[in-house]
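>>> What would the 3D arrangement of this be:
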Amino acid sequence: MAKKYHLWCPGLNYLMFNQKHKEILHIWKNLKRHDSSSSVPSSSSSRKNSHGSNRSLDTITLSGDERDFGRLNVKVFYNSSVEQIWITVLQCRDLSWPSSYGDAPTVSIKGTLTLPKPVHFKSSVKEGSSTIEFMETFVFAIKLQSLQTVRLVFKIQTQTPRKKTIGECSLSLRSLSTQEMDYSLDITPPSKVSVCHAELELGTCFQAINSRIQLQILEAQYLPSSSTPLTLSFFVKVSMFSSGELIYKKKTRLLKASSGRVKWRETMVFPLIQNEKEILFLIKLYSRSSVRRKHFVGQIWISEDNTNIEAANQWKETITNPEKVVIQWHKLNPS
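Numbers count the residues shown, from 1 in each chain. Next up is the predicted model:
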């Protein structure tokens, strides 16, 4: 199918484990072997014992919807010679829609570049099916530096029998370059509240010699602004779980946002014991107004079996490369 174009212009070998290091090796093996996925609620940092105050993962509802809502495939690249971003909407696969809409509602894709003055675009309307082909390219003349601070948001909308947003997805343009990149984006149900675009930069390090995990809360960006004249401040709560039990809780300082960003640069240390396994970190971001009202913004959890590729890769790189600090940006998920 021909493309349609739219143009708009304005290692462990260093440790040499011997008898002396058996306990470290045991902890490391547990971390590698028993990483599991889950999502749980989250300053004090006293260790919880096995009685009384521990919270089990079994008592907490997992975030997100396990149902598959389909995927949107897109291509993006930046043409530096003419300062243009090229966005190609390829296809939508395995899309779900309300049964009341029949077997084949008409569907279109609405895109938005979340600049201070948002740039919107929309695909042509297609008949719904298991694979909906679009193959449409949208070109915008915008400087690269401006694009690398925003997100590209897509909304999947039915046009008939009635107009409704049935799913959404997005990607950060931080790594936008002259190399064409393919993306397969998970479609999620439309948010009933404003969409969370906040991102959190985290650093992790497995300090095998000292038997502990170091977690760095570095900074946040794309933070929501207040709908009132009151100034918003932000803080992060961290919970560490082992085998489904809450072990530690810590939190950062409360800092005011500036231009949608906050920089904490705080380091948290989580000691490990010999039988620790199935380690999971849940990181939650909160805002607070001057009237002391706390509001949940979003969360990310870190473990090897996480369906979030960036979070899973960060954890795997951390536990397989002791003493290395691994830094990664994460898009936060709504509760």
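
>>> List the buried residues of stretch 106-118.
Thr106, Val107, Ser108, Ile109, Gly111, Thr112, Leu113, Thr114 (16 or more other CB atoms under 10 Å). Where you see a C-beta, it was placed from the backbone N, CA and C, and this is true even at glycine.

>>> where does this structure have low pLDDT?
Scanning the chain for pLDDT under 70 picks out 1-68, 116, 191-196, 227-230, 275, 291-292, 335.

>>> if you set the cut-off to 50 instead, what comes out?
9-22, 34-66, 193 (pLDDT under 50).

>>> all helices in it, in order from the N-terminus.
Secondary structure of the chain (DSSP state H): helices located at 22-33, 144-147, 309-320.

>>> Quick check: bridge partners of Lys256?
Ser233 (DSSP bridges).

>>> State the distance from it to Val236.
Computed as CB to CB, to the nearest Å, the Lys256 to Val236 distance reads 14 Å.

>>> out of those two, which sits in the more crowded spot?
Taking other CB atoms under 10 Å, Lys256 and Val236 do not tie; Val236 has more neighbours (27 against 11).

>>> Correct me if wrong: that one contacts Thr252.
Yes - between Val236 and Thr252 there is a contact at 4.5 Å, judged by CB atoms under 8 Å.

>>> Overlap in contacts, these two.
Counting by CB atoms under 8 Å, 6 or more residues apart in numbering, the common neighbours of Val236 and Thr252 are Ile217, Trp264.

>>> Excluding covalently adjacent residues, which one is nearest to the most centrally placed residue in the chain?
Residue closest to the average C-alpha location in the chain (CA atoms, centre = their mean): Lys331, at 2.8 Å. If the residues on either side of it in the chain are set aside, Lys331 comes closest to Glu199, at 5.3 Å by CB to CB, 6 or more residues apart in numbering.

>>> would JSON lines of the buried residues of stretch 106-118 with distance to Lys324 be doable?
As requested, these are exported to JSON lines (distance: CB to CB, whole Å):
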{"residue": "Thr106", "distance to Lys324": "51"}
{"residue": "Val107", "distance to Lys324": "45"}
{"residue": "Ser108", "distance to Lys324": "45"}
{"residue": "Ile109", "distance to Lys324": "40"}
{"residue": "Gly111", "distance to Lys324": "37"}
{"residue": "Thr112", "distance to Lys324": "37"}
{"residue": "Leu113", "distance to Lys324": "35"}
{"residue": "Thr114", "distance to Lys324": "33"}
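
>>> From those residues, which land in strands?
Counting by DSSP state E, the part of the buried residues of stretch 106-118 found in strands is Thr106, Val107, Ser108, Ile109, Gly111, Thr112, Leu113.

>>> among the residues you listed, which two are most distant?
Between any two of those, the greatest separation by CB to CB is 24.7 Å, found for Thr106 and Leu113.

>>> Enumerate every residue touching the closest residue in space to Thr267 that isn't next to it in sequence.
Leaving aside its chain neighbours, Thr267 sits nearest to Gln216 (5.1 Å; criterion: CB to CB, 6+ apart). By CB under 8 Å, 6+ apart, Gln216 lies in contact with Leu202, Gly203, Thr204, Cys205, Arg265, Glu266, Thr267, Met268, Val325, Ile327.

>>> again, but for Ile142
Counting by CB under 8 Å, 6+ apart, the residues that Ile142 touches are Glu83, Gln84, Ile85, Leu113, Leu115, Val119.
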